[in-house]
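*Asks:* Predicted model and sequence below, questions to follow.
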Amino acid sequence: MIISVNGVSMRRFFASVAEISIAAVSIVSAPAPAFAAEELNALVWCDHTDPALVEPFEKANDVKVNLKDYEGTGAALSILEQSQPGDWDVLVIDGVDVQRAVGLDLLAEIPADKLPTADIFPEVRMEANNMKDGKTYAVTEKFGYNTISYDKTKVDPADMKDLSIIWSDKYKGRIALYDYYLPMIGLVALGLGKKTAELSDADMPAIAEKLSEMKTMSKQVSDVVSSQTALATGEVDILVGGGEWITAALSGEKPNLDWTVPDQGAVRWAQSIGVMKASKKQDLALKFVQYIVSPEGQARLATSSCYWAMPANMKAGEHLTDAQKAALRWNDQAEYLKKTQLYPIPSAELDQKMQDAWTDMMQQ
Amino acid sequence: MSTMTLEDTERRKAWGFVAPALLWTIAFFVVPFLFMAAMSLWSRQSGQIVRAWNLDNYIAFFAKDSLFKGLVNSLEITLIVTVLSVLLAYPLAWIIAERVPKRFQRLALIMAVLPFWTSYVVRSYSWLLVLSKNGVINQTLMTLGLVSEPLEIASNRTATVIGFVHFFVMLLTLTIYANLIQLSPNYRRAAADLGANALQTFWHVILPLTLPGIMTGAFLTFVLCIGDYVTPQILGGNNELVLPQIIMLQLGRRADFPMAAALSIILMLAVTAAYVLCARWLKIERA
């Protein structure tokens, strides 16, 4: 089994790791000053549970940060629903779901001058997601791509430049599909020449048809750990939906693994961080957010022990080694950002249709 | 002044003994179950849970092939696993009970259940590596020249069944063994006195007497297998979904708890049906 220490990402990962380690379903407390004056509770993705990320903040502020990682926005919202107002101070959330949290009145406004917005890559500032009515509620902290990862010794890298390869029969039975319907439907849409932000009900029949073709050509549909294992062990040669978060950490051990952004583009994911509106420690929570999006915090977050991905703050590069930047493809970001589109952000009704199409595909 | 009879005292004592378990069951099973049943009659519309009673989720279950197929897949896999596990566990339990010397039986049982001591998840991932294209089985078969192409035994139903059977054979071995060692040797002697040969003795005497052990293990296998998410998720390659996987799909991003609750109720009904079918053999007392 290949469980990457550094390169594994996203919500499906959380489920797998939580099953492997029972402890992961409980609150993970990073080591902290023995007699910290205050505590801060943060509901986060697993990359924030790396002590190397949290400890410097704890020591500098004499605070103990209690971290709980979760799987999927739905799970986070149910945790919040079952909590008392004020239980949570900080929330890390899928960038495409910030408006969902804002709509539920969960996030506090963050004064614009308290954030290093000018230092954030313009393409991932995501004002439409992180802001509402001119007010900022969250800030992008990390991003990456759902694209194509492959074994360059087994496939022709030139083929990987064309997204239609995912439903052609050239590599039939040698493809794994990442099991998360939103980015995968986004990739299919890109392959069909559609924009992820403009998807509607009318697009679903064509997408469902391509999903079906893609499934026919694939060997498996699997979560991050299984996908990564399949790619690393040679069970499959291509992982559709993978990206730097699958291969970056394996670059030393498995130099044959690579990833690319096809000519038609790929899907970009981003995670945002915000302060909980009901938090009784607004100042401290904001301080934590500021630390996470600071160049130092960003470099640590980008290379945290759960998975690697690009930091949103451009100045983080000053704190990354050349090897780390190479693994993250730092110098290619300008091109990648231009070619990629954000996850689809469907309405509840379209979301249901997308999930149904994905379920139908798996059951075919 | 009222006088308390001996019967009243005994009744109160009995309630005193029963009360903790009863309260526990009410608090942690009955109440959550009723809440889940109620939630299954709500619905999720436009991203919000609507607390109006309706049967939409149950109707959707029967209307959408992909959902209904989840139950069909679950039942098929569970039945295959249960039958295979019984067929493999019975001879193993019989050998341990009848052929292994008494002083080694405990050791043999420990050896039989040793895989229980490892993590369920780790064991499933290990099977994935064993069954994969470059795994131990395929590499051995290829090296021996028995196959020219790797067998497709990973990331499909075959892998799921193998992972399950490996686990449940251990469970069934225990329940059947416990039944076998309780049988008095006099049954066998009486059958022999009446002219029965070994096969007839097994078929007409031993097997019927060990049915409670078989059915208890089979029922446990059914319940644990049909509700399992981890094994099909890791070994099945999502090439078909079982009901627990479909339940998880409702929760991941969309938080459609009403639909997840409805599917869970359907899963419980399947388990209840299995219990009703096995009930006559699941009595604690021996007939």
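*Replies:* The structure has been received and is ready for your questions.
*Asks:* and the single longest helix found in chain A, how far from the chain's centre?
*Replies:* In chain A, assigned by DSSP state H, the helix with the most residues is helix A:348-363. Centroid separation for helix A:348-363 versus its chain: 21 Å, with Cα atoms, centre = their mean, to the nearest Å.
*Asks:* What's the local residue count around residue 98?
*Replies:* As the question left the chain open, I've gone with chain A. 30 (other Cβ atoms under 10 Å in any protein chain shown). C-beta: built from backbone N, CA, C; applies to glycine.
*Asks:* actually it's chain B I care about, not the one you picked
*Replies:* 13.
*Asks:* what sits against it?
*Replies:* B:L180 (Cβ atoms under 8 Å, 6 or more residues apart in numbering or on different chains).
*Asks:* Okay, it and B:I206: tell me how far apart.
*Replies:* As judged by Cβ to Cβ, to the nearest Å, B:E98 and B:I206 stand 10 Å apart.
*Asks:* between these two, what contacts are shared?
*Replies:* Joint contacts of B:E98 and B:I206 (Cβ under 8 Å, 6+ apart) are B:L180.
*Asks:* so what strands line up beside the longest strand along chain A?
*Replies:* As assigned by DSSP state E, the longest strand anywhere in chain A is strand A:139-151. Strand pairing for strand A:139-151, determined by DSSP bridges: strand A:238-242 (antiparallel), strand A:257-260 (antiparallel), strand A:266-275 (antiparallel), strand A:310-311 (antiparallel).
*Asks:* Could you pull out the helices in chain B for me?
*Replies:* B:6-25, B:31-39, B:56-63, B:65-94, B:102-113, B:120-131, B:136-143, B:157-180, B:185-193, B:198-201, B:207-226, B:230-235, B:243-252, B:257-278.
*Asks:* deepest of those, which one?
*Replies:* Of all the helices of chain B, helix B:230-235 has the most neighbours on average by mean count of other Cβ atoms under 10 Å in any protein chain shown, namely a mean of 25.
*Asks:* Residues contacting the worst-scoring helix or strand of chain B on mean pLDDT, please?
*Replies:* The weakest-scoring helix or strand in chain B, judged by mean pLDDT, DSSP states H and E, is strand B:48-50 (a mean of 85). Here strand B:48-50 makes contact (Cβ under 8 Å, 6+ apart) with A:348, B:42-44, B:257-258.
*Asks:* Stretch A:76-94 near chain B at all?
*Replies:* Yes: shown here: stretch A:76-94 in contact with chain B (Cβ under 8 Å from any Cβ of the partner chain) through A:77-78.
*Asks:* and what of stretch A:165-172?
*Replies:* No: Stretch A:165-172 does not reach chain B (Cβ under 8 Å from any Cβ); its nearest approach is 12.5 Å.
*Asks:* how about that stretch: buried residues?
*Replies:* Using 16 or more other Cβ atoms under 10 Å in any protein chain shown as the test for burial, stretch A:165-172 gives A:165-167, A:171.
*Asks:* Identify, from those residues, the entry nearest to A:E109.
*Replies:* Checking these against A:E109 by Cβ to Cβ gives A:I166 as the nearest, at 41.5 Å.
*Asks:* Distance check, the nearest residue to the closest one once chain neighbours are set aside against A:G265.
*Replies:* Among residues not flanking A:I166 along the chain, A:V240 sits closest, at 4.9 Å (Cβ to Cβ, 6 or more residues apart in numbering or on different chains). Using Cβ to Cβ, we find A:V240 at a distance of 14 Å from A:G265.
*Asks:* which one of these two has more residues nearby?
*Replies:* A:V240 (28 against 21).
*Asks:* Now do the same contact list for that one.
*Replies:* Counting by Cβ under 8 Å, 6+ apart, A:V240 makes contact with A:148, A:166, A:175-178, A:184, A:187, A:214, A:218.
*Asks:* Keep only those of the residues you listed that are in helices.
*Replies:* If you go by DSSP H, these have A:184, A:187, A:214 in helices.
*Asks:* related to what we said a few turns ago, and among the strands paired with strand A:139-151, the most buried is which?
*Replies:* Buried most deeply of the strands paired with strand A:139-151, by mean count of other Cβ under 10 Å, is strand A:310-311, with a mean of 29.
*Asks:* how about the contacts of A:V240 in TSV, adding pLDDT?
*Replies:* Shown next, in TSV, are the contacts of A:V240 (pLDDT from 0 to 100):
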residue	pLDDT
A:I148	94
A:I166	91
A:I175	95
A:A176	94
A:L177	95
A:Y178	93
A:M184	96
A:L187	96
A:M214	96
A:S218	95
